[in-house]
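In: Quick one, what's the 3D model for this:
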Amino acid sequence: MLIQDVLEHNARTQPSRVAFVAGKEEVTYRELRDRVRGYAGLLRSGGIGKGDRVAILAQNSILYFEALFAVTGAGASLVPLNHLLIGRELVAILEDADVKALLFTEEFFDRIGEIRPSLPGIRCFVRIDDPDLPGGEWEGAPDPTPPVLESDTALVIYDGGTSVRPRGAMLSHRNLLAASASSALELCLSRNDVFLSCASLPFLGGTGRLLRFMYVGATIVLQPEFDPEEALRAIERRSVTRVLLTPTMMSQILDLPSAGKFNLSTLRTILYGGGVIPLDLLKRAIRFFRCGLVQSHGQVESAGILTVLHEEDHTLDESTPYMRKLMSVGKEANGVEVRVVGEDGREIAPDEVGEVVARGPNVFEGYRNDPALTAKTLRDGWLHTGDMASIDEEGYIYIIDRKSDTLMVEGISVSPREIENILCEHASVKEAAVVACPDYTIGEVPVAVVVLREGEKEDAGTILEHCRRNMAPFKVPRSLRFVPALPRNAQGKVLKAKLRDCMVSRRNA
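Out: Okay, here's the model as predicted:
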């Protein structure tokens, strides 16, 4: 089964059901299927086929999903691009992915124009919201030769963009459908659901979760970007039953003075992820929304799902066992085998600390152009997540730390080394170290410790402005501290744990 088979099935069995709502536009499953067929035919006629990669730069829109199904229907793989990335970051990803075509919407026309000279390998640039874009004919274009298989790559999802080395996780049709089936079962999804999407689609959290609702034939309401009042208005007007909120979104809604005036009676479940949510924020959400809350924890490499903390676990019972469960990421999801193991690969005893590993049909195929990292991450069929955790006797998993220095900024992987390299490009900076500090709403934020060159004056504003010009906004350090030298061990390695403790203490002071 391929992901486009989901669309074909829904178009046959419930053709008149609304698939997507975006503003005033509504598209049924049959209309979506017909539009996708046209796009797929156009791509094939343009020479796009199996083994090719097509990138897309667009915000939340129906066009994004038309592109997803059309590209994979033509036998190629889609490479979603994070619209927050700057030009050099986009170029690094596009070069690593070796894309043959780049799809974009009008709002990114100027940005594409800026980077186009750096991308001689891309033979086709298409503005997909161009009203004069010709339609394709399904019947007039040949089927993919050879045929597309379940094991073929459907999506290549890159991390936050990096000047160190872009890292693209390859997800097959099988991976995505396995994750969809697992989620549909765990969350009891049905075709009667109406899902509100406020998250950015280019991230797997957006694409993957929407696929899960399409898997059951539900209706999806798209918002181009998150606005707390507009989200509440959409829930009321569209009789939304499920919504995905990050901790930041949840906090903004709860802090909205007008939040109480909206009728949210149709809302059945709030899905959240992107890291463990602060306990007091979670308690506020449970009291305000008066509906079920479910945490789905995963990563790109697992097609977005590993564990689930269910509705019944979200209780305001103040007894210690129940409060402790709220700080977990739940238990392994259906269809996924999750363990916590020690350095020897054996399962640890309850409350000891080890690495979370997983296997199942949702686990990715590997990293593009990086067999060494793939071999390190996938060992004997097990995905080594890099999450350090403990597990209790009931199977609840508690994330404690990351094995690597990678930061998780609202669910987006960010490389400290990338930020350090850009800091060191500034003329006054001799050395830099970047560490993660906990943040109440978005999980972690990058903070920097800088050693200046001899004779240079401390000027945090100038250095941070240099960062803003050369990296996406979510990567820019939230604070910067100047030191005479970085602490190192006997082997010369920077003691980042010591720096992190110091920076956390300063932020909490």
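In: ok, Arg212 touching Ser180?
Out: Yes. Using Cβ atoms under 8 Å, Arg212 is in contact with Ser180, at 4.4 Å. Every C-beta, even on glycine, is put in place using the N, C-alpha and C of the backbone.
In: can you give me the strands in the stretch 401-509 of the chain?
Out: For the stretch 401-509 of the chain, the strands defined by DSSP state E, counting those that start in this stretch cover 407-409, 412-414, 429-439, 443-452, 479-482.
In: Outline the domain layout of this protein.
Out: 3-225, 407-508 (automatic domain parsing).
In: So which of the strands of the stretch 401-509 of the chain is nearest Leu245?
Out: The closest of these to Leu245 is strand 443-452. By Cβ to Cβ, the value is 13.6 Å.
In: helices and strands around that closest one, which ones?
Out: With contacts taken as 3 or more Cβ pairs under 8 Å, 6 or more residues apart in numbering; DSSP states H and E, strand 443-452 sits against strand 407-409, helix 416-424, strand 429-439, strand 479-482, helix 496-508.
In: How far away from the center of its chain is that strand?
Out: Distance of strand 443-452 from its chain centroid, counting by Cα atoms, centre = their mean, to the nearest Å, is 23 Å.
In: quick one, it and helix 416-424 angle?
Out: Counting by axes from the mean of the first three to the mean of the last three Cα atoms, to 10 degrees, strand 443-452 points 40 degrees away from the direction of helix 416-424.
In: CA atoms only for strand 443-452, dumped as CSV, please.
Out: Output of strand 443-452 as CSV, limited to C-alpha atoms (Å, rounded to 0.1, in the frame of the first residue of the first chain):
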residue,chain,number,x,y,z
GLY,A,443,11.4,23.0,25.8
GLU,A,444,14.9,24.3,25.2
VAL,A,445,16.6,27.4,24.0
PRO,A,446,20.2,27.9,22.8
VAL,A,447,22.5,30.0,24.9
ALA,A,448,26.1,30.9,24.1
VAL,A,449,29.4,31.3,25.9
VAL,A,450,32.0,33.3,24.0
VAL,A,451,35.7,34.0,24.2
LEU,A,452,36.8,37.2,22.5
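In: In TSV, list the domains of the chain along with mean pLDDT.
Out: Formatted as TSV, the domains of the chain follow (pLDDT from 0 to 100):
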stretch	mean pLDDT
domain 3-225	88
domain 407-508	87
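In: just those domains: most buried one?
Out: Of those, the one with the most neighbours on average (mean count of other Cβ atoms under 10 Å) is domain 3-225, at a mean of 19.
In: re earlier: may I see the strands of the stretch 401-509 of the chain organised as a markdown table, with distance to Pro147 added?
Out: Below are the strands of the stretch 401-509 of the chain laid out as a markdown table (distance: least, Cβ to Cβ, whole Å):
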| stretch | distance to Pro147 |
| --- | --- |
| strand 407-409 | 38 |
| strand 412-414 | 34 |
| strand 429-439 | 45 |
| strand 443-452 | 42 |
| strand 479-482 | 54 |
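In: how about the nearest residue to Phe104 once chain neighbours are set aside, phi and psi?
Out: The shortest distance from Phe104 to any non-neighbouring residue, by Cβ to Cβ, 6 or more residues apart in numbering, is to Leu57 (4.3 Å). Main-chain torsions, Leu57, degrees, to the nearest 10: phi -120, psi 100.
In: contacting residues around Leu57?
Out: Leu81, His83, Leu90, Leu102, Leu103, Phe104, Thr105, Phe108, Arg111, Ile112 (Cβ atoms under 8 Å, 6 or more residues apart in numbering).
In: Check which helix or strand the last one maps to.
Out: Meaning Ile112. Ile112 is part of helix 109-115 when elements are defined by DSSP states H and E.
In: How about the third one?
Out: Using DSSP H and E, Leu90 maps to helix 87-97.
In: from the chain's centre, how far out does the very next helix or strand once past that helix sit?
Out: Next along the chain after helix 87-97, taking DSSP H and E as the criterion, comes strand 101-104. Strand 101-104 sits 20 Å away from the centroid of its parent chain (Cα atoms, centre = their mean).
In: Going by contacts, tell me the helices and strands next to strand 101-104.
Out: Helices and strands touching strand 101-104, by 3+ Cβ pairs under 8 Å, 6+ apart, are strand 53-57, strand 124-127.
In: nearest to Trp382, of those?
Out: For these, proximity to Trp382 was assessed by Cβ to Cβ; strand 53-57 is nearest, at 27.4 Å.
In: who's in contact with the helix or strand where Leu7 lies?
Out: Secondary structure from DSSP H and E places Leu7 in helix 3-13. Helix 3-13 has contacts (Cβ under 8 Å, 6+ apart) with 17, 19, 29-30, 32-33, 36, 68-69, 72-73, 154, 173, 176-177, 180, 211, 214-215, 217.
In: for the residue lying closest to Tyr396 once chain neighbours are set aside, what are its contacts?
Out: Closest residue in space to Tyr396, ignoring its immediate chain neighbours: Ser328 at 4.2 Å, by Cβ to Cβ, 6+ apart. Going by Cβ under 8 Å, 6+ apart, Ser328 touches Val276, Leu309, Asp313, Asp392, Tyr396, Ile397, Tyr398.
In: Please repeat the previous calculation with a cut-off of 6 Å.
Out: Ser328 sits next to Tyr396, Ile397, Tyr398 when contact means Cβ atoms under 6 Å, 6 or more residues apart in numbering.
In: Output the helices and strands packed on strand 101-104 in JSON lines; the columns should cover distance to Gly47.
Out: Shown next, in JSON lines, are those (distance: least, Cβ to Cβ, whole Å):
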{"stretch": "strand 53-57", "distance to Gly47": "11"}
{"stretch": "strand 124-127", "distance to Gly47": "8"}
